[in-house]
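> pasting the structure only:
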């Protein structure tokens, strides 16, 4: 039997064409990123200095610095991490290890996947109603406030706003509201990452623990969770770096503030790096564009550091789980 | 067990099995793939509980106490009935932590007691001499045969009465298989062992009694010598002489 042969030259030619097309696509993507980084580096490096990192905002670009947004970013990201990581891992544990495969579980799962795609500004609106205003509970003008005086061990009401242990209800647009908002934004990512980490734990390990007489909780706590933790931590670090780059939801809850102090407690007003960049780059004066570029460099450096940390954690702590 | 039947969903895998497993002997389950022998084994320590749709009827008892009822404490049952799986599955922990895992679940032990228990279990599994100098090193660094003996030590450390083995040598090379088989013969004096195997030579080498399963039914059960040399059923004879399966 004879078959008509495809022309060999035509086949090599199409193979070359695909190669060129792919290389071109990669080049365009990298070139765009490189030109962006280059512009920012050229514009911003001149304004980078220790003084820039340790000064507050100012009406004069030459005196302005990013201490307040830097401190604000640290505060909200720490709060976000403290809330989102345990909640994310807890939810993932429940869904993977405990929840029966039911309709309800399917609906929850579908919703979590969809929530990851919701624009973050929507979370900002939710947070504005829920955390900043407590859905209108008491007027924002006269919040309930408390602070704890550790030296005398008593709770003051109304609280002292200068104390570290100062809390008010509703929260208002302080760092606590900001951190909770970002936690909402990253929770779906955190949950999904943790679920995938748990799913990657071989079934044989669970069976081994069960066969030795572990309770459900002992299996989860002593076997599954430790095995999944390095992967979860990688997910957590990437989630937090996402939170670090968010501006929109925080703009909704607080608007842009010219903050001239670092936060002292959970209720303190704050701003974050992306907001400061947004504000400066929107001004007409050329000098502010330069310091905006400098702030972008700082932001990028922090993000890269986080990603490097994620890679390090993955390399250093992930062990093979099976031979 | 009496009139024991089991299903996965609508599919019946075991039909009305009547079988007594004698104490302090090795009992082998043989039969072609899919005959239900592993399923039966996994019902004894209720490992099928976590499989959706798995259910069983009839009775299954250990020293007269029922194992199937709703009120049975599965955790306590699994302390009495240990299990070794087809593929070695040590935890990604140190050798010592692997052996101590079960003991830590069930007992509150001092450090010295724990060390003693680990040594005892490793000796019982004929692994002590090979690993005594590196108890802290990762278990996954051991060879396949050593890992499987570690899994046996891990099961022995909770002091079970019965040890279930689901094709414990199928993932191992011949030398490791020989060492596991030697170990099984040693363990017989202290434990009741049930072993599922595809390897007829293995069944004849290690077991005292053998049960032959085919398509969900127990075809024949008796001492290993008799079953292999003069089977009463045609199917058994065909299977043990290698004509099918």
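Yep, it's here. Computed from a predicted model, the values in this text were never measured in an experiment.
> Which single residue of the stretch 51-200 of chain A approaches chain B most closely?
Here the stretch 51-200 of chain A gets closest to chain B at one residue, residue A:101, 7.0 Å apart by C-beta to the nearest C-beta. The C-beta positions use only the backbone N, C-alpha and C, and glycine is treated the same way.
> and the residue lying closest to that residue once chain neighbours are set aside, what are its phi and psi?
Counting by C-beta to C-beta, 6 or more residues apart in numbering or on different chains, residue B:52 is the residue found nearest to residue A:101 once chain neighbours are left out, at 7.0 Å. Backbone dihedrals for residue B:52, given as degrees, to the nearest 10, come out at phi -60, psi 130.
> Relative to residue B:68, how far out is residue B:52?
Separation of residue B:52 from residue B:68 (C-beta to C-beta, to the nearest Å) stands at 18 Å.
> And for residue B:219?
For residue B:219 relative to residue B:68 (C-beta to C-beta), the value is 23 Å.
> likewise residue A:214?
Distance of residue A:214 to residue B:68, given as C-beta to C-beta: 21 Å.
> Of those two, give the one with the bigger neighbour count.
residue A:214 (22 against 16; other C-beta atoms under 10 Å in any protein chain shown).
> does the residue nearest the centre of chain A sit in a helix or strand, and which one?
What sits nearest the mean C-alpha location of chain A, by C-alpha atoms, centre = their mean, is residue A:243, with 2.3 Å. If you go by DSSP states H and E, residue A:243 is part of helix A:225-244.
> next helix or strand past that helix?
Counting by DSSP H and E, the next helix or strand C-terminal to helix A:225-244 is helix A:248-254.
> So which bits of the helix or strand following that following helix are buried?
Next along the chain after helix A:248-254, taking DSSP H and E as the criterion, comes helix A:273-281. Residues of helix A:273-281 classed as buried: A:273-280 (neighbour count, 16 or more other C-beta atoms under 10 Å in any protein chain shown).
> Show me which residues of the stretch 51-200 of chain A sit near chain B.
For the stretch 51-200 of chain A, the residues found near chain B under the criterion C-beta under 8 Å from any C-beta of the partner chain are residue A:101.
> Tell me the pLDDT of the residue nearest to residue A:109 when sequence neighbours are not counted.
Leaving aside its chain neighbours, residue A:109 sits nearest to residue A:95 (6.7 Å; criterion: C-beta to C-beta, 6+ apart). Listed pLDDT for residue A:95 reads 91.
> now do residue B:10
63.
> how many neighbours does residue B:34 have?
Here the count is done by other C-beta under 10 Å, and residue B:34 has 13 residues near it.
> can you give me phi and psi for it?
Dihedral angles for residue B:34 - degrees, to the nearest 10 - are phi 80, psi 10.
> which of the residues in stretch B:48-55 are buried?
B:48, B:54.
> Any idea how far apart the tips of that stretch sit?
8 Å (C-alpha to C-alpha, to the nearest Å).
> would you turn the buried residues of helix A:273-281 into TSV with pLDDT and distance to chain B?
As requested, these are exported to TSV (pLDDT from 0 to 100; distance: C-beta to the nearest C-beta, whole Å):
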residue	pLDDT	distance to chain B
A:273	91	39
A:274	92	40
A:275	91	44
A:276	91	45
A:277	91	44
A:278	90	46
A:279	89	49
A:280	90	49
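> can you map out the helices along chain B?
Here chain B has its helices, by DSSP state H, at B:37-44, B:74-80, B:95-106, B:111-124, B:128-131, B:144-156, B:174-187, B:200-206, B:224-229, B:234-240.
> Kindly report the same for chain A.
A:8-44, A:50-54, A:67-93, A:103-115, A:120-127, A:175-199, A:203-211, A:216-219, A:225-244, A:248-254, A:273-281, A:286-317.
> Briefly note if the last one comes near chain B.
No - counting by C-beta under 8 Å from any C-beta, chain B has no neighbours in helix A:286-317; the shortest distance is 11.2 Å.
> by how many degrees do that helix and helix A:8-44 diverge?
120 degrees (axes from the mean of the first three to the mean of the last three C-alpha atoms, to 10 degrees).
> low-confidence ranges in chain B?
The model of chain B has pLDDT under 70 over residues B:1-10, B:243-245.
> er, chain A I mean
Scanning chain A for pLDDT under 70 picks out A:1, A:138-141, A:323.
> Over to the residue of the stretch 51-200 of chain A closest to chain B: give its phi and psi.
phi -70, psi 90.
> Now do it against residue B:18, distance only.
As judged by C-beta to C-beta, residue A:101 and residue B:18 stand 35 Å apart.
> neighbour count winner among the two?
The residue with more neighbours, out of residue A:101 and residue B:18, is residue B:18; 12 against 9, by other C-beta under 10 Å.
> how much space between that one and residue A:250?
71 Å.
> hang on, the earlier thing: closest one of the buried residues of helix A:273-281 to residue B:128?
residue A:273 (58.8 Å; C-beta to C-beta).
> Am I right that the closest one is in contact with residue A:66?
Yes - Residue A:273 is within contact range of residue A:66, at 6.8 Å (criterion: C-beta atoms under 8 Å).
> Give me the common contacts of the two.
Overlap of the contact sets of residue A:273 and residue A:66 (by C-beta atoms under 8 Å, 6 or more residues apart in numbering or on different chains) consists of A:295, A:298.
> what about residue 238, how many neighbours?
Just going to use chain A. Residue A:238: 18 neighbours (other C-beta under 10 Å).
> that's the other chain; I wanted chain B
14.
> and if you look at residue A:62?
Using other C-beta under 10 Å, residue A:62 has 10 other residues around it.
> List the contacts of it.
By C-beta under 8 Å, 6+ apart, the neighbours of residue A:62 are residue A:287.
> Repeat that for residue B:143.
Shown in contact with residue B:143 (C-beta under 8 Å, 6+ apart): residue B:176.
> related to what we said a few turns ago, pretty sure the residue of the stretch 51-200 of chain A closest to chain B is in contact with residue B:51, am I right?
No - applying C-beta under 8 Å, one finds residue A:101 not in contact with residue B:51, separated by 12.0 Å.
> which residues touch the residue nearest to residue A:109?
A:105, A:108-109, A:191, A:195.
> now swap in residue B:70 and tell me
Residue B:70 neighbours (C-beta under 8 Å, 6+ apart): none.
> What distance do you get for it to residue A:215?
Distance, residue B:70 to residue A:215, by C-beta to C-beta: 17 Å.
> same thing with residue A:147?
Taken as C-beta to C-beta, the span from residue A:147 to residue A:215 is 42 Å.
> Among these two, which residue is more densely surrounded?
Ranked by neighbour count (other C-beta under 10 Å), residue A:147 and residue A:215 place residue A:147 first, with 21 against 13.
> circling back to that earlier point, can you list the buried residues of helix A:273-281 in TSV and add distance to residue A:33?
As requested, these are arranged in TSV below (distance: C-beta to C-beta, whole Å):
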residue	distance to residue A:33
A:273	20
A:274	18
A:275	23
A:276	23
A:277	18
A:278	20
A:279	24
A:280	22
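> and which of those residues is nearest residue A:124?
Comparing the buried residues of helix A:273-281 against residue A:124 with C-beta to C-beta places residue A:275 closest, at 11.9 Å.
> Is it correct that that closest one is in contact with residue A:250?
Yes - at 6.1 Å, residue A:275 and residue A:250 qualify as touching, with contact defined as C-beta under 8 Å.
> Let me know how buried residue 221 is, in neighbour terms.
The chain I'm using is chain A. There are 14 residues near residue A:221, going by other C-beta under 10 Å.
> Chain B is the one I meant
Count around residue B:221 with other C-beta under 10 Å applied: 19.
> what's near enough to touch it?
Contacts for residue B:221 (C-beta under 8 Å, 6+ apart) come out as B:19, B:209-212, B:227.
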